[in-house]
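Participant: Sharing a model that was predicted from the sequence below.
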Amino acid sequence: MVPKKCFLTKGVGVHKDKLASFELALREALIQKYNLVTVSSILPPNCRLVSREEGIKNLPAGEIVHCVLARNETNEPCRLIAAAVGTAVPVNENNYGYISEHHSFGEDEETAGEYAEDIAATMLATTLGIEFDSNSAWHEREQVYKASGHIIDTTHYCQTAYGDKDGKWTTVIAAMVFIE
């Protein structure tokens with residue numbers, strides 16, 4: 001069972017109950033009607049990224065769906081939370097790529113998203129034997145990775161939110177959802 005398609009989605013939910021807040025985030029992401037099974041970080045070979053709308057039309061309600069899920073939550077008023085997934089796709093699509101998840105506090109969308117992207121790209125680079133300075137900034141390493149001719153694309157998808165001002169639970173999610 002190797003997925004041939006995948007899509008990215010994200011959402012935020014706010015509710016007095018923690019679980020209900022998560023449910024509302026799933027609803028905003030349009031993945032609330034599936035039985036989600038979280039998996040680790042491998043983007044299968046030849047797995048094509050499609051739009052969320054195209055992906056969802058291929059999944060019936062109740063389906064067991066595998067995904068890489070980033071989730072964060074708070075009931076602290078005005079606390080900034082983030083959930084991000086990052087991807088790294090190899091040039092040779094017959095090889096596998098990487099997906100990372102990142103959950104943080106106090107990071108804006110760009111910072112959290114780029115960190116998730118960096119993690120995925122670094123994991124792929126190390127498996128491909130690409131030499132790089134791990135202490136250099138992400139944008140410098142990104143150029144090294146892409147110049148190597150082995151990594152075709154990196155990206156991220158991130159959801160941020162500030163904790164509800166009245167202390168209700170706020171949940172953010174970002175996910176790479178697989179279609180088999």
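Facilitator: Looks like it arrived, so ask away.
Participant: So Tyr115 belongs to a helix, correct?
Facilitator: Yes: assigned with DSSP: H, G, I helix; E, B strand; the rest coil, Tyr115 falls within a helix.
Participant: residue contacts, it?
Facilitator: Going by C-beta atoms under 8 Å, 6 or more residues apart in numbering, Tyr115 touches 84, 86, 102, 104, 107, 138. Every C-beta, even on glycine, is put in place using the N, C-alpha and C of the backbone.
Participant: Next: Phe178.
Facilitator: Contact analysis of Phe178 by C-beta under 8 Å, 6+ apart lists 3, 5-6, 39, 44, 47, 65-67.
Participant: Not counting its neighbours along the chain, what's nearest it?
Facilitator: Sequence neighbours aside, Pro3 is the residue nearest to Phe178 in space, at 3.7 Å (criterion: C-beta to C-beta, 6 or more residues apart in numbering).
Participant: and that neighbour, how far is that from Pro44?
Facilitator: Separation of Pro3 from Pro44 (C-beta to C-beta, to the nearest Å): 5 Å.
Participant: Which two of the contacts of Tyr115 have the greatest separation?
Facilitator: Farthest apart among the contacts of Tyr115 by C-beta to C-beta are Ser104 and Trp138. That separation is 14.8 Å.
Participant: Compare those two (neighbour count), which wins?
Facilitator: Each of Ser104 and Trp138 has its neighbours counted (other C-beta atoms under 10 Å); Ser104 has more, 19 against 16.
Participant: And that one, how far from Thr38?
Facilitator: In terms of C-beta to C-beta, Ser104 sits 18 Å off from Thr38.
Participant: Repeat that for Thr154.
Facilitator: Applying C-beta to C-beta, the value for Thr154 to Thr38 is 22 Å.
Participant: Determine the three-state secondary structure at Leu26.
Facilitator: Following three-state DSSP, the label given to Leu26 is helix.
Participant: So for stretch 65-75, what gets flagged as buried?
Facilitator: Buried residues in stretch 65-75, defined by neighbour count with 16 or more other C-beta atoms under 10 Å: 65-75.
Participant: Contact partners for the residue nearest to the spatial centre of the chain?
Facilitator: The residue lying closest to the centre of the chain (C-alpha atoms, centre = their mean) is Val85, at 2.0 Å. For Val85, the contacting residues are 8, 68, 70, 99-102, 116, 156-158, 174-176, by C-beta under 8 Å, 6+ apart.
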